[in-house]
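Engineer: take this sequence and fold it.
(2 chains)
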Number of protein chains: 2
Amino acid sequence: MERRTRRQPAWWAWALALWMAIPLQALAADPLPSWNDGPVKHSIIDFVTRATTEGGPGYIPPEERIATFDNDGTLWPEQPVVQCAFLLEQVKARVKEDASLAKRQPFKAVLEGDLARLSSMDEPQLMELVAVTHAGKTQEELAREARAFFRTARHPKLGVPYTQLAYAPMLELLQYLRANGFQTWISSGGGADFMRVVSEDTYGIPPQQVIGSGLKEEFDEGDGHPVLRREARVDHVNDKAGKPVGIDQHIGRRPVFAAGNVRSGGDIQMLQYTHEQPRPGFSLLIHHDDAAREFAYEEKDGASLEAAREGGWTVVSMRNDWKRIFPERR
Amino acid sequence: MERRTRRQPAWWAWALALWMAIPLQALAADPLPSWNDGPVKHSIIDFVTRATTEGGPGYIPPEERIATFDNDGTLWPEQPVVQCAFLLEQVKARVKEDASLAKRQPFKAVLEGDLARLSSMDEPQLMELVAVTHAGKTQEELAREARAFFRTARHPKLGVPYTQLAYAPMLELLQYLRANGFQTWISSGGGADFMRVVSEDTYGIPPQQVIGSGLKEEFDEGDGHPVLRREARVDHVNDKAGKPVGIDQHIGRRPVFAAGNVRSGGDIQMLQYTHEQPRPGFSLLIHHDDAAREFAYEEKDGASLEAAREGGWTVVSMRNDWKRIFPERR
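Structural biologist: Next up, the predicted model:
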């Protein structure tokens, strides 16, 4: 052994050393093929590369690699808000059973309005409606109903199941982060019960990594077969300032990466909370500026874009930064 | 190729086939060396073996392998309740800063009582005290204080740091479950903030898999450096019927394995919720009957043992089923 170590290294040792010296990043295929080349894509790859470079200034230990994503408008479209389409179906089904409901609020308003009007409701209003339609139901019942909805419902304009409308660039980003040791979470204003039935198959995010709004729950002994029933009272609205609160309650640490989108300013606090800490996190704000391939919409007061400018967050222009919006049809 | 496949298999193929046919369980070292041989240990190993045997009647898909554990009295001792020792230190520290507090409630009562009296408080009372002492503090401040406590505090009778008192058989059980694809969670009546600073190092359970009681939180913009402050109001008491609720909010599915202990009946609902479902889960109740090696205590009304008898749960006698209580000192 002594003698061998003093001799010239064997050819394979040279080859190994050479191979190790090439950054693995360069060898790997493009991890974000649906993203156009440019500063946004570069800044993401740069952040992840630094986060995983041990000994480097941007290194983040694996246990701290928490990434949180808004859902509606960030991971899939929100024109209409998918949960509103579900609510509309639920209200219609209940009116079919009991026609008198059509004259009572909030059923009357829901039936008179259209999906677009429902979709323009803010999260607290939406949760009030959820409270009325979901009260008394168990987790298992809600999951069954939500799964039935996803099996049959189609996007009114795009004509495909909602779960096929996850944004291709974001699916790649989720996958890229996970491949680099990040744990990916949803932190959305939508109902956790609703998102959890599709989060694993759609995004690779298991139900226990979905944070959302929710109703109070009641333990019902159920004659020896206990269930949890939703009450007609909102417990938590996971929107705006409620978003970091939900994250802290579920995760117990600050994310180092967060993504949200413009529309209502609902992600501002989550993105601030992620970005402004001793070690700055990466905050990504998606701007819906692509009328041709998705939907273009503005935020009334422009607060999200303004906060991004002030905070130095990374803004995604769907039109310029995304090569494609939706996955290729199989 | 064609010819070779029709010939007799090579010797190594026979050896491989023989080796594969031996159940891996039998080859592996005992996964629960701190458990005495007997029906309890056998039933655990049988459950895990069936849960992981594909095609068998007890098979559980990996994504459904959720196991939840109470903390105090299940994973480590609760004589005294560790968080009460922390609270006592916090109250003393605040009185040192401001002597007038010693005359005000609840500080007066805490200072006049002893640790045993504090430990006899039920979870809602405890959380009221937490609300008073933790109000206004950020997650980062609380984590710092809790870490400082764990560095210096010693168990009053056993004389070692609390984190060295995790039960050896339960550490093995957690490890055994994880090795078989289960995700291990804490669902405890104690404060989540407090447990989360030691859960990873002590049990291998990351903070995001700790469900506990908690205070309401408030988002404080903090002049561009946002923090979350605890309010002096209890948000959730993760005890009794609150335990399945906390589990549903955080995990979104029923556990298939749960463990709790006798003392206050605080785990009954979690164990019922786990055991009574279309596919029966495994519910484990720990009985503190070992005065010589730990502490022996009874439950006033014996409700937990009674529920275990009725429900057909597995009851652990610490005296009979555990070879050792605490890990060997290094």
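
Engineer: which parts of stretch A:281-291 count as buried, going by neighbours?
Structural biologist: Across stretch A:281-291, burial judged by 16 or more other Cβ atoms under 10 Å in any protein chain shown covers A:Gly281, A:Phe282, A:Ser283, A:Leu284, A:Leu285, A:Ile286, A:His287, A:His288, A:Asp289, A:Asp290. Backbone N, C-alpha and C define where each C-beta goes, glycine included.

Engineer: put together TSV for the residues you listed, with pLDDT, distance to chain B and secondary structure on each row.
Structural biologist: Formatted as TSV, these follow (pLDDT from 0 to 100; distance: Cβ to the nearest Cβ, whole Å; DSSP: H, G, I helix; E, B strand; the rest coil):
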residue	pLDDT	distance to chain B	secondary structure
A:Gly281	96	12	coil
A:Phe282	98	16	strand
A:Ser283	98	12	strand
A:Leu284	98	17	strand
A:Leu285	98	16	strand
A:Ile286	98	21	strand
A:His287	98	22	strand
A:His288	98	25	coil
A:Asp289	97	27	strand
A:Asp290	97	31	coil
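
Engineer: and which of these is nearest B:Leu87?
Structural biologist: Closest approach to B:Leu87 among the buried residues of stretch A:281-291 (Cβ to Cβ): A:Gly281, at 32.3 Å.

Engineer: not counting sequence-adjacent ones, nearest residue to the closest one?
Structural biologist: Distances taken as Cβ to Cβ, 6 or more residues apart in numbering or on different chains place A:Thr274 nearest to A:Gly281, at 4.0 Å, with adjacent residues excluded.

Engineer: helix or strand for the one you found, which one?
Structural biologist: helix A:268-275 (DSSP states H and E).

Engineer: if I take that helix and strand A:282-287, what angle do their directions form?
Structural biologist: Calculated by axes from the mean of the first three to the mean of the last three Cα atoms, to 10 degrees, helix A:268-275 forms an angle of 150 degrees with strand A:282-287.

Engineer: check which helix or strand covers A:Ile45.
Structural biologist: helix A:39-51.

Engineer: buried set for that helix?
Structural biologist: For helix A:39-51, by 16+ other Cβ under 10 Å, it's A:Val40, A:Lys41, A:Ile44, A:Ile45, A:Phe47, A:Val48, A:Ala51.

Engineer: one more: stretch A:119-131?
Structural biologist: Buried residues in stretch A:119-131 (16+ other Cβ under 10 Å): A:Ser119, A:Met121, A:Glu123, A:Leu126, A:Met127, A:Leu129, A:Val130, A:Ala131.

Engineer: and the stretch 201-330 of chain A, which residues reach chain B?
Structural biologist: Counting by Cβ under 8 Å from any Cβ of the partner chain, the residues of the stretch 201-330 of chain A close to chain B are A:206-208, A:210, A:214, A:217-219, A:221, A:224-226, A:228, A:235, A:241-242, A:244-245, A:248-253, A:269, A:272-273, A:276-277.

Engineer: now A:Glu217. Its backbone dihedrals?
Structural biologist: phi -120, psi 150 (degrees, to the nearest 10).

Engineer: pLDDT of the helix holding A:Thr274, averaged?
Structural biologist: Helix A:268-275 comes out with an average pLDDT of 98.

Engineer: neighbouring contacts of that helix?
Structural biologist: A:68, A:70, A:187, A:240-241, A:243-244, A:247, A:254-258, A:260, A:281-285, A:303-304, A:307-308, A:311-313, B:219, B:221, B:224, B:226, B:228 (Cβ atoms under 8 Å, 6 or more residues apart in numbering or on different chains).

Engineer: same thing with stretch A:298-311?
Structural biologist: A:260-265, A:267-268, A:271-272, A:275-276, A:283, A:285, A:287, A:313-315.

Engineer: how far out from the middle of the chain is the helix holding A:Ile45?
Structural biologist: Centre-to-centre, helix A:39-51 and its host chain are 19 Å apart (Cα atoms, centre = their mean, to the nearest Å).

Engineer: check which helices and strands that helix sits against.
Structural biologist: helix A:168-179, strand A:282-287, strand A:314-317 (3 or more Cβ pairs under 8 Å, 6 or more residues apart in numbering or on different chains; DSSP states H and E).

Engineer: switch these over to a markdown table; also include distance to B:Ile325.
Structural biologist: Shown next, in a markdown table, are the helices and strands packed on helix A:39-51 (distance: least, Cβ to Cβ, whole Å):
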| stretch | distance to B:Ile325 |
| --- | --- |
| helix A:168-179 | 39 |
| strand A:282-287 | 46 |
| strand A:314-317 | 52 |
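
Engineer: winner for burial among these?
Structural biologist: strand A:282-287 (a mean of 25; mean count of other Cβ atoms under 10 Å in any protein chain shown).

Engineer: what are the pairing partners of it, and which direction each?
Structural biologist: Sheet pairing for strand A:282-287, assigned by DSSP bridges, gives strand A:257-261 (parallel), strand A:314-317 (parallel).

Engineer: can you name the element that comes right after the last one?
Structural biologist: By that I understand strand A:314-317. helix A:318-321.

Engineer: low pLDDT regions in the stretch 1-150 of chain A?
Structural biologist: For the stretch 1-150 of chain A, the stretches with pLDDT under 70 are A:1-28.

Engineer: what does it have sitting close to chain B?
Structural biologist: Residues of the stretch 1-150 of chain A lying near chain B (Cβ under 8 Å from any Cβ): A:Glu63, A:Ile66, A:Gln139.

Engineer: with secondary structure and neighbour count added, can I get the residues you listed in CSV?
Structural biologist: CSV is the format used below for the residues of the stretch 1-150 of chain A next to chain B (DSSP: H, G, I helix; E, B strand; the rest coil; neighbours: other Cβ atoms under 10 Å in any protein chain shown):
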residue, secondary structure, neighbour count
A:Glu63, helix, 13
A:Ile66, strand, 26
A:Gln139, helix, 18
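
Engineer: now the helices for the stretch 101-250 of chain A?
Structural biologist: Using DSSP state H, counting those that start in this stretch, the helices of the stretch 101-250 of chain A run over residues A:107-112, A:115-119, A:123-134, A:139-152, A:168-179, A:192-196, A:199-203, A:242-251.
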